[in-house]
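**Student:** Make a model of this:
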Amino acid sequence: MKNEAESNENRGSMLDVVRENLEQPERLEALYRSDPARVGEVLEELYEHDPSNLMLRAWRARLEAEEPGRVRPQPAERRTHLAGTLVIALVAFALLKACLLLPSYVRYEYVARNWPLIAMAAVGALVAIRRGRSARELVVPAVIFVAGAIYLNFLPHPSRADTSLLSLLHFDFIAWVIVGTVYAAERWRSREAWLPFVRFSGELVAAGGILGAALSVFTAVYLALFSLIGVETADFYIEWILPAAVAVLPLVGVGMAERLARSSRPLAETVAIVFSPVALITIVSFLIGVIITGKSPFTERDFLAVFNAVSALALVLVVFILAARREPGDYPAWPAFAVAGLVISAIAFDATALVAVFWRLTTFGFTPNRTALLGMNILVFANLCVLAIPTIKLALSGASDAQVRTSLIAKARGAAIVVLPAYVAWAAFVTIAFPPIFGFE
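**Tutor:** I've put the predicted structure just below:
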């Protein structure tokens, strides 16, 4: 069967093979047994696109029942995963420690430059191991990571050059997208393949927050206990134990995120859906307060930053809610209204910020920060506008049948992802072109 599955993959992607055999249960079962991990991923992604399909619903129930990871790894696979995790942790710790061993006047600068990339590369490597990616699939992501790290470390100090800081921030976003391509493998061009990764990212952020809080508590308790008995271990802890814990943190977060993403009510999804009405009320109240007080983003730079942050956070919250793994009939009305309200209010905020940024550019001239902000504002505004129609239709669909709601949810999810290539292109342009264009200032 394995050879047969491999021959099918040679004729086309696994996505096409599974889709063609959805109405043939025996054939689909044979495909699944030949490559459980890959076929399981494809079935889950197809379910996201058509959750009312009875065959896909049955497969989803089966896959979710097979905890902890749809397919229970064999002992050899578990040993491979463990060995790979230990190697990644050691490499991440060594790279972080190398930055910390630099002279004090550059130490924290290089930690700030490199740790986000180290953590993202560690997450990507662990995802590749746990999802069975081949070395051939990792060549391009690895080359981009290494080339980006070398380039960023040759840029001027971020405190002396705005373009350096912009390059660092935008390449972090590119690194996240690279991890997404590793997660999605050969299906990275499909919008359907990015929805599970968006959920995984949300759960990873939630897991990172929990682990970070736990590490902070542990650090305080550790230092307090040893200080009570008069043993000075603070320097040793800060120099060795804390960096090791920080290096392991993203890897533990990956395991937690995968478990959370597969649960019936993932943490990030639940928080996003519950928090959405609160966020909408807060944003609308803030907008009313701005109108009453007469505060203007045109004249106050910090206030303009608040407008941009509000629109961006609202967009992120909307994307997480739309990526939620729910049945059409299990999608309550109030999140749909909250999502539509968040999109509309975010459009108002971003349109104001966009006009304000353009006014500042024409009045005070072009700078790296203003130009980067203008480009990002345009993309966020376009993304919100694309989301507006399907989210409003979803909110107004009310008691429509499951098929209608399924179609509306699919369109809204597609609208949430459709601008991603433009974000990547702009981030790459800012990272590579801004430093020379603006004279590395």
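
**Student:** pLDDT at Ala340, what is it?
**Tutor:** Listed pLDDT for Ala340 reads 88.

**Student:** Would you mind naming the helix or strand containing it?
**Tutor:** helix 333-364 (DSSP states H and E).

**Student:** which secondary structure element contains the closest residue to Gly202 other than its chain neighbours?
**Tutor:** Nearest residue to Gly202, sequence neighbours excluded (CB to CB, 6 or more residues apart in numbering): Ala268, at 3.4 Å. Heads up, the C-betas are built off the backbone N, CA and C, glycines and all. In this assignment (DSSP H and E), Ala268 forms part of helix 267-293.

**Student:** looking just at contacts, which helices and strands does that helix meet?
**Tutor:** Helix 267-293 sits against helix 191-228, helix 301-322, helix 333-364, with contacts defined as 3 or more CB pairs under 8 Å, 6 or more residues apart in numbering; DSSP states H and E.

**Student:** quick one: which of these is nearest Ala92?
**Tutor:** helix 191-228 (14.4 Å; CB to CB).

**Student:** Show the subsequent helix or strand relative to the helix holding Ala340.
**Tutor:** helix 368-396.

**Student:** How about the secondary structure of Ala324?
**Tutor:** For Ala324, the assignment made with DSSP: H, G, I helix; E, B strand; the rest coil gives coil.

**Student:** ok, it - contacts?
**Tutor:** Arg199, Pro266, Glu269, Ala272, Ile273, Tyr331 (CB atoms under 8 Å, 6 or more residues apart in numbering).

**Student:** quick one on the thing from earlier: residues of the helix holding Ala268 that come out buried?
**Tutor:** Leu267, Ala268, Glu269, Ala272, Ile273, Ser276, Ala279, Leu280, Ile283, Leu287, Val290 (16 or more other CB atoms under 10 Å).

**Student:** any idea which of these is closest to Ala30?
**Tutor:** Glu269 (33.1 Å).

**Student:** Now do the same contact list for the closest one.
**Tutor:** Arg199, Gly202, Phe320, Ile321, Ala323, Ala324, Arg325.

**Student:** thinking again about what came up before, TSV please, covering the helices and strands packed on helix 267-293 and showing distance to Leu374 and mean neighbour count.
**Tutor:** Converted to TSV, the helices and strands packed on helix 267-293 look like this (distance: least, CB to CB, whole Å; neighbours: other CB atoms under 10 Å):
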stretch	distance to Leu374	mean neighbour count
helix 191-228	26	17
helix 301-322	11	20
helix 333-364	5	20
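
**Student:** would you list every one of the helices in the stretch 51-200 of the chain?
**Tutor:** 54-65, 75-100, 104-130, 135-153, 162-184, 191-228 (DSSP state H, counting those that start in this stretch).

**Student:** Any stretches of the protein with poor pLDDT?
**Tutor:** Low-confidence segments of the chain (pLDDT under 70): 1-13, 37, 48-49, 51-52, 64-77, 262-265, 325-334, 398-405.

**Student:** And the residue nearest in space to the middle of it, how close does it get to Val39?
**Tutor:** Centroid-nearest residue in the chain: Ser201, 3.8 Å away (criterion: CA atoms, centre = their mean). Here Ser201 is placed at a distance of 23 Å from Val39 (CB to CB, to the nearest Å).

**Student:** swap in Ala245?
**Tutor:** 37 Å.

**Student:** give me the number of residues near Ala98?
**Tutor:** Residues lying near Ala98 (other CB atoms under 10 Å) number 12.

**Student:** now it: how far from Ile292?
**Tutor:** According to CB to CB, Ala98 and Ile292 sit 53 Å apart.

**Student:** what does Trp176 give?
**Tutor:** 38 Å.

**Student:** Show me what counts as buried in stretch 412-427.
**Tutor:** Of the residues in stretch 412-427, those buried (16+ other CB under 10 Å) are Ala412, Arg413, Gly414, Ala415, Ala416, Ile417, Val419, Leu420, Tyr423, Val424, Trp426, Ala427.

**Student:** what does that stretch contact?
**Tutor:** Against stretch 412-427 from outside (CB under 8 Å, 6+ apart): 48, 170-171, 173-174, 177, 191, 194-195, 198, 318-319, 322-323, 339, 375-376, 379, 382-383, 386-387, 389-391, 394.
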